[in-house]
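Undergrad: This is a predicted model, with the sequence first.
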Amino acid sequence: SQKIEQNSEALNIQEGKTATLTCNYTNYSPAYLQWYRQDPGRGPVFLLLIRENEKEKRKERLKVTFDTTLKQSLFHITASQPADSATYLCARGYKLSFGAGTTVTVRA
Amino acid sequence: NAGVTQTPKFQVLKTGQSMTLQCAQDMNHNSMYWYRQDPGMGLRLIYYSASEGTTDKGEVPNGYNVSRLNKREFSLRLESAAPSQTSVYFCASSDWQQGATYEQYFGPGTRLTVT
């Protein structure tokens, strides 16, 4: 089966710092990976999609990388703010296979 | 646009009871999905419908049935609820283009407790 794993359950950081989240996958490289944000009591919201032939993708303060050699995607939140506190989910495939998520808490 | 809507928001069932979770989208998307989310396990796909008139099993289909009523609506039915089906259920939709699914849009979820 095509597994996807997010290494950390929780990440606590100081406001203004960069948060880095890791997503690892097994078996063959997916054509693309997606990252979602989920706030408590709500459904996930799409943030970014990165294709296997793209090394890096950016959207405002968010940056995603895709390393097919390491079978890994990194998700960065730069200049983090308390409003960035949420759970971030990585997903692969068209029938999205999700990681368990990493909960980020940004301290003011 | 309301996006993806789900009803009900909350439900408590007794073991053995049946119920249908409703989902509708107004974005004219071809594909629709049902997921369940349990603590520490992430979202797992129950069933999906790539296009109107088709449905397929996902990772955890046992104990569930689905109906793609039309392009807008996709329902999930629990015929005989079990405590193991206590979970948060999310419906999602996406636009299927040239064999590649783009981002999925999720509903607000249904919190189901089976006692």
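TA: All right, it came through fine.

Undergrad: C-alpha from now on. contacts and neighbour counts both.
TA: Will do.

Undergrad: Under a three-state scheme, what state does the residue in chain A positioned nearest to chain B occupy?
TA: Each residue of chain A has a distance to chain B, by C-alpha to the nearest C-alpha, and the smallest belongs to residue A:100, at 3.8 Å. Secondary structure, DSSP: H, G, I helix; E, B strand; the rest coil: residue A:100 is coil.

Undergrad: That one - nearest residue in space that isn't next to it in sequence?
TA: Beyond its immediate neighbours in the sequence, the residue positioned closest to residue A:100 (C-alpha to C-alpha, 6 or more residues apart in numbering or on different chains) is residue B:42, lying 3.8 Å away.

Undergrad: And that neighbour, its phi and psi?
TA: Its backbone dihedrals place residue B:42 at phi 70, psi -170, with angles given as degrees, to the nearest 10.

Undergrad: got it, and the one 10 residues further on?
TA: The phi and psi torsions at residue B:52 (degrees, to the nearest 10) take the values phi -60, psi 130.

Undergrad: again, but for residue A:82
TA: With angles defined as degrees, to the nearest 10, residue A:82 shows backbone torsions of phi -50, psi -30.

Undergrad: Surely it is in contact with residue A:106?
TA: Yes - at 4.7 Å, residue A:82 counts as touching residue A:106 under the criterion of C-alpha atoms under 8 Å.

Undergrad: shared neighbours of the two, which are they?
TA: Taking C-alpha atoms under 8 Å, 6 or more residues apart in numbering or on different chains as the criterion, residue A:82 and residue A:106 both touch residue A:15.

Undergrad: Which residue of those two possesses the greater neighbour count?
TA: When neighbours are counted by other C-alpha atoms under 10 Å in any protein chain shown, residue A:106 comes out ahead of the other of residue A:82 and residue A:106, with 21 against 15.

Undergrad: circling back to that earlier point, dump the residue contacts of the residue of chain A closest to chain B.
TA: Residues in contact with residue A:100 (C-alpha under 8 Å, 6+ apart) are A:5, A:6, A:9, A:89, B:40, B:41, B:42, B:43.

Undergrad: got those as CSV, with pLDDT, secondary structure and distance to residue A:42 columns?
TA: As requested, those are arranged in CSV below (pLDDT from 0 to 100; DSSP: H, G, I helix; E, B strand; the rest coil; distance: C-alpha to C-alpha, whole Å):
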residue, pLDDT, secondary structure, distance to residue A:42
A:5, 86, strand, 22
A:6, 88, strand, 20
A:9, 82, coil, 18
A:89, 95, strand, 13
B:40, 76, coil, 16
B:41, 79, coil, 16
B:42, 84, strand, 14
B:43, 92, strand, 13
